[in-house]
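J.: Below are the sequence and a predicted model; questions follow.
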Amino acid sequence: MEQRLVELQQEALEGIKKATDLKEINDIRVSYLGKKGPITEVLKGMGKLSAEERPKMGALANEVRDVIAKAIEEKQAVMEEEEVAKKLASETIDVTLPGRPVKTGNHHPLTRIIEEIEDLFIGMGYTIAEGPEVESDYYNFEALNLPKGHPARDMQDSFYITEEILLRTHTSPMQARTMEKKEGKGPIRIICPGKVYRRDNDDATHSHQFMQIEGLVVGENIQMSDLKGTLDVFAKKMFGEDREIRLRPSFFPFTEPSVEMDISCKICNGKGCSVCKGTGWIEILGAGMVHPNVLEMAGYDSKKYTGFAFGMGPERIAMLKYGVDDIRHYYTNDVRFLKQFSIHE
Amino acid sequence: MFVSYKWLQEYVDLSGITAPELADKITKSGIEVEGVEILNEGMKGLVVGHVLEREQHPNADKLNKCLVDVGEGEPVQIICGAPNVDKGQHVIVAKVGAVLPGNFKIKKAKLRGEESNGMICSLQELGVESKLVAKEFSEGIFVFPNEVTVGDDALELLSRDDQILELGLTPNRADCLSMLGVAYEVAAILGKEVKLPKPEVSAINESASDYISVTVDAPEDNPLYVAKVIKNVKVGPSPLWMQTRLMAAGVRPHNNVVDITNYILMEYGQPLHAFDYDRLGSKEIVVRRAQQGETITTLDDAKRTLTTEHLVITNGKEPVALAGVMGGANSEVETGTTTVLLESAYFVGAPIRKASKDHGLRSEASARYEKGVDPNRVRAAAERAAELLALYANGEVLEGSVEADALKVEPAVVSITLDKINGVLGTEISMDEVQNIFARLQFVTKVEGNEITVTVPTRRGDITIEEDLVEEVGRIYGYDYIPKTLPKGASTPGKLSDYQKKRRIVRRYLESAGLFQAVTYSLTNETKATQFALDKREPVKLAMPMSEDRSVLRLSILPQLLEVVKYNSARQNDSIALYETGAVFLSTEQDKLPEEKEHLAAAITGLWQQHPWQGEKKAVDYYVLKGVLEGLLARLGLTGRVEFRQATVDGMHPGRTANLHLDNEKIGFVGQIHPNVQKELDLKETYVFELSLKALLEAEIAPLQYESIPRYPSITRDIALVVNKEVVAGQLSDIITKAGGNLLREVSVFDLYEGDRLEEGKKSIAFSLRYFDPEKTLTDEEVTKAHEKVLDAVKEQAGAVLRG
Ligand SMILES: [Zn+2]
């Protein structure tokens, strides 16, 4: 009997070893370990054994059973693993094929510039003031110290609708409107972005419609040094920490003193190149201390309050930042142009 | 203003400072120098030549064979094509080996068989603009007017060894429209003296007042009129140095009399006019406003009709000049003129601006009057002109001048405290420094304690208030030395308004949905202005448009956006998705500002989705764009408040267009462009929407409130309803929602069937209804009760039959 059990174990283990698929393994399990299997058969003959031999033989039979069961299990695990590996191998895909595109658009480059500037100044306590694109002569000119007949009106040849109404030539009317609303009291910090219009023939550097973004700060004791410091922060955030600024005297009817701000040329680092026309500086914006007439007309006491204002063209800034070479691109909206502004540095 | 570096040295010592250095300093302290032109750049080998012989070229009608002495060795033979070359002339010769602008090298050549050793040059060949070359030389070579030495450097004689600073003058700095003005500015910057010309006139023993009388009938327009008389003038070319200076300043030389008046204009900034005294027709000058309809023929031979807003100089009977703008042809100085009546006057800006604008005549003179001349230079300029006429036109100056003087010249006196100066600039400049700055500007000052009182010279008419003084101090002190600080004191919280915040959300949403932002023009033509307009009002028109295509303001964005779609389609881009936000303009009452409303528009065409190698392609359709809109409404918390109602809109597909109603108020539309319109615009199937962004963003919504996550399961029941074809899904869904009560939480369409298996004129729409109670697990019974109500309602209200 013992002999028989050892033989059975041998036979079974050999069978397991030879088995090539899960079905064969299963057959082996059924045939050796099943209720009608040979081990059970062997155990059935145990009645013939002595009382001492019986438990010994029983233990051996169980041992054989366990050995076979364990071998089956192990072989099964190996085979399952192989099976999975085979299945996965058959599922291999070409990972270099293009993915399903996610359709996205993006901001127009001018919006991108304007939002960047807005956010920068919001961080410094400014709010955004927007107003009408069709303006009265009063807010567009007179309230800004440009009375009728002032020669500087020629600087901004305009589209009139009636004698008193025109398309705004700058976003400065919002300065006058905002000050007027405050009724001469309290500080102001605003940024005014928007479309403006001038009588120009459209070409690579001129557009009858363009964007402007202006800033106005009014308060007690606002100084020109504050303007310089503010513009310095702006220039460094917008064009890079290593940029330097310089203020040059200029003229605008609504500011006195008036300045223009240049930044050091990024391309030649101030040494002079074709982009900066050999000067090492690039003109960015106009600014100045708010003219007392402008403050007074809007109801602010110019003895008590001072202020500064600045204004710039997003088209020009985008040209400098991104190298756009023709202002008409902004208004043609060629998708091949627009989609280049999806990347965020 | 073009400023000759060489000429400027006559008034200010510029030793030790080059033209580019000077340009940099001027720019930094107030006037932008837009460029520095080197006149002799890239040129060499040009000398004075003397034409000894000239004969016609044996083989060419239009060529001359010249024998020219160039000051070294034997005279050389030069072939010259200029019609005005002749024996005896002193000319500019580019010798063999010379270089002209554009790196044009002169070589020995053979022209039609004759040797040519160099070239006789025109001024244009030296890089002078044609419009600056005197008429007599404009078609040929230049001939030196006076004695010159053969072989001398021609560029030096012509002052081409000069550099020209181009000043970009702002309107306030009209004082720098003269060499003297620039000299004062440069002297202040460099801390140097100004050397003024001191005219010396030795008059003959005859009095100007015996020749002329002056009456001004319009003293408010012409407060000062000075007339001088110069006899025995010989009209001829002006000296070479004067011609070259005029050319440097951008003025074309004519003859000595005209050149002298122009020279004074450039030197003093004071316009002068020379009349031929003998052709004046009387012995009096009367200045007055023109009569309505009166005419004058000006120097340019144009007959001009005048109004009472124009100022004229008359001989007592008829106009002889349009004051400050242009002289009359009847009294013009000619070759034979012998007696000159010289006018130096102070005209105020307004009538001059009016005349120059009405007649389209902008001259160097009118530009200066418009911006204001220095009243204190009127007499000095007249004296200086008389001196030059005596020196260079053989003139005899009559004793004295005849004047009509109603001018009161009061220099501006402005006081300011040191605290104010430093307070505005943010600096700590001392009173000594401030005084020094004004001294450099040659402003007279008086200091009392903390206050400085400044008497501003009349040449600086731009300085009238304290802030102007602050600017003068600041710019001469140097803005480079102003510190950088940030505003102190009360600050304001920086933020976007709700509207601005939401608009950014709209933009970002649409972009993530696949649309690119476009920005188009507000000005358009009359046809496009009202196309697709939500509110069809008469468009706002420009009074004087530049073109028909940009003559009115838009009432809708779509026409412009469709232009963009068309532009891109024509450039091999078939799939386009764009949106724009911007104002449209609605006219209100005459003389009132139009109402501006912000709109949102979008246009899509071509494929919406595509993934070719997986065979996926989805073309745009109504539901694509509606889906985008629904997503937007959801983002803005307006789901359920906006209805899409089948509608007819001009230019839109009649069966594929819906109006959008927000709380029952129409705010826009969405749909397909009418196929006819698509064809007109060369577009493929294109879907668009345009709506009032303002209405969307200003709609008030309830504050966001958390709703607990369901703890109990929901029960879903699907129904397929057979209805007449006219019944729309929205209608059914409304009925279901209303009838379903509190437990019905979600209604969605999951199938649509129209076809053979249904009766003619019928369709089947299948809905999925989800019932749910947040408080407990629903029983089948409860759901059935609610569901039955739904079935009854759709049957009753829409004739819907449950599909078996
Ligand atoms: Zn550079």
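T.: The structure has been received and is ready for your questions. Everything numeric in this text was worked out from a predicted model, so none of it was measured.
J.: What backbone torsions are found at the closest residue in space to B:Gly400 that isn't next to it in sequence?
T.: Leaving out its chain neighbours, the residue that sits closest to B:Gly400 by Cβ to Cβ, 6 or more residues apart in numbering or on different chains is B:Ala208, at 5.1 Å. C-beta: built from backbone N, CA, C; applies to glycine. Main-chain dihedrals, B:Ala208, degrees, to the nearest 10: phi -60, psi -40.
J.: what's around B:Ala208, how many residues?
T.: 22 (other Cβ atoms under 10 Å in any protein chain shown).
J.: Could you report the separation of it from B:Val229?
T.: 4 Å (Cβ to Cβ, to the nearest Å).
J.: Equivalent analysis for B:Glu115, please.
T.: B:Glu115 sits 56 Å away from B:Val229, going by Cβ to Cβ.
J.: These two - which one has more neighbours?
T.: With neighbours defined as other Cβ under 10 Å, B:Glu115 and B:Val229 compare such that B:Val229 has more, 26 against 13.
J.: any idea how far A:Ile72 is from the more buried one?
T.: 136 Å.
J.: do A:Phe234 as well
T.: A:Phe234 is 78 Å from A:Ile72, by Cβ to Cβ.
J.: Where does pLDDT dip in the stretch 51-200 of chain A?
T.: For the stretch 51-200 of chain A, applying pLDDT under 70 flags the ranges A:151-152, A:154-156.
J.: Show me where it has its strands.
T.: A:127-128, A:134-136, A:165-167, A:188-197 (DSSP state E, counting those that start in this stretch).
J.: what would the ones you listed look like in JSON lines with distance to the ion?
T.: JSON lines is the format used below for the strands of the stretch 51-200 of chain A (distance: least, Cβ to the ion, whole Å):
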{"stretch": "strand A:127-128", "distance to the ion": "33"}
{"stretch": "strand A:134-136", "distance to the ion": "37"}
{"stretch": "strand A:165-167", "distance to the ion": "35"}
{"stretch": "strand A:188-197", "distance to the ion": "28"}
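J.: After the helix or strand containing B:Leu342, which helix or strand is next? Please name it.
T.: For B:Leu342, the host element (DSSP states H and E) is strand B:340-346. For strand B:340-346, the following helix or strand on the C-terminal side (DSSP H and E) is helix B:349-358.
J.: Rounded mean pLDDT for that next one, please.
T.: Across helix B:349-358, pLDDT averages out at 90.
J.: Surely A:Leu216 is in a strand?
T.: Yes. Counting by DSSP: H, G, I helix; E, B strand; the rest coil, A:Leu216 is found in a strand.
J.: For B:Ser764, which non-adjacent residue is closest in space?
T.: Leaving aside its sequence neighbours, B:Ser764 sits nearest to B:Tyr753 (Cβ to Cβ, 6+ apart; 4.4 Å).
J.: Backbone dihedrals for the one you found, please?
T.: Here is the backbone geometry of B:Tyr753 (degrees, to the nearest 10): phi -130, psi 130.
J.: Go ahead and confirm B:Ile476 touches B:Arg440.
T.: Yes. B:Ile476 lies in contact with B:Arg440 (Cβ atoms under 8 Å); the separation is 6.5 Å.
J.: ok now do residue 80, which residues does it touch?
T.: All of this refers to chain A. A:Glu80 is in contact with A:Leu22, counting by Cβ atoms under 8 Å, 6 or more residues apart in numbering or on different chains.
J.: Not quite, go with chain B.
T.: Applying Cβ under 8 Å, 6+ apart, the residues near B:Cys80 are B:Leu63, B:Asn64, B:Cys66, B:Met119, B:Ile120, B:Ile141.
J.: do the same with B:Tyr509
T.: Going by Cβ under 8 Å, 6+ apart, B:Tyr509 touches B:Gly631, B:Leu632, B:Arg635.
J.: Can you tell me the element it falls in?
T.: helix B:498-512.
J.: any idea how far A:Ala143 is from A:Ala298?
T.: For A:Ala143 relative to A:Ala298 (Cβ to Cβ), the value is 7 Å.
J.: confidence score at the residue of chain A at minimum distance from chain B?
T.: Using Cβ to the nearest Cβ, the single residue of chain A nearest to chain B is A:Ser225, 2.7 Å away. pLDDT, the model's per-residue confidence, is 97 for A:Ser225.
J.: Once you drop chain neighbours, what's closest to it?
T.: Nearest to A:Ser225 is B:Gly426, by Cβ to Cβ, 6+ apart, at 2.7 Å.
J.: Return the residues in contact with the one you found.
T.: Residues near B:Gly426 by Cβ under 8 Å, 6+ apart: A:Gln223, A:Met224, A:Ser225, A:Asp226, A:Lys228, B:Ile482, B:Pro483, B:Thr485.
J.: how far away is whichever residue of the stretch 351-500 of chain B sits closest to the ion from B:Glu726?
T.: When scored by Cβ to the ion, the stretch 351-500 of chain B has B:Asp480 as its residue closest to the ion, at 19.0 Å. To B:Glu726, B:Asp480 is 79 Å away according to Cβ to Cβ.
J.: A:Lys70 now?
T.: 75 Å.
J.: which of those two has more neighbours?
T.: Comparing A:Lys70 with B:Glu726 by other Cβ under 10 Å, the one with more neighbours is A:Lys70, at 11 against 8.
J.: For stretch B:470-478, buried residues please.
T.: Of the residues in stretch B:470-478, B:Val470, B:Glu471, B:Glu472, B:Val473, B:Gly474, B:Arg475, B:Ile476, B:Tyr477 count as buried by neighbour count, 16 or more other Cβ atoms under 10 Å in any protein chain shown.
J.: After the longest helix seen in chain B, which helix or strand is next?
T.: Counting by DSSP state H, the longest helix found in chain B is helix B:780-798. Next along the chain after helix B:780-798, taking DSSP H and E as the criterion, comes strand B:801-802.
J.: tell me the mean pLDDT for that next one?
T.: 90.
J.: And that strand, what does it pack against?
T.: strand B:715-724 (3 or more Cβ pairs under 8 Å, 6 or more residues apart in numbering or on different chains; DSSP states H and E).
J.: Return the distance of the strand it packs on from the chain's centre.
T.: Centroid separation between strand B:715-724 and its chain, computed with Cα atoms, centre = their mean, to the nearest Å, is 66 Å.
J.: do stretch A:193-211 as well
T.: The answer for stretch A:193-211 is 29 Å, by Cα atoms, centre = their mean.
J.: hmm, who's touching it?
T.: A:110, A:114, A:117-118, A:128, A:130-131, A:133, A:156-159, A:167-171, A:174, A:212-214, A:313-315, A:325-328, A:330-331, B:521-523, B:546, B:550, B:582-583.
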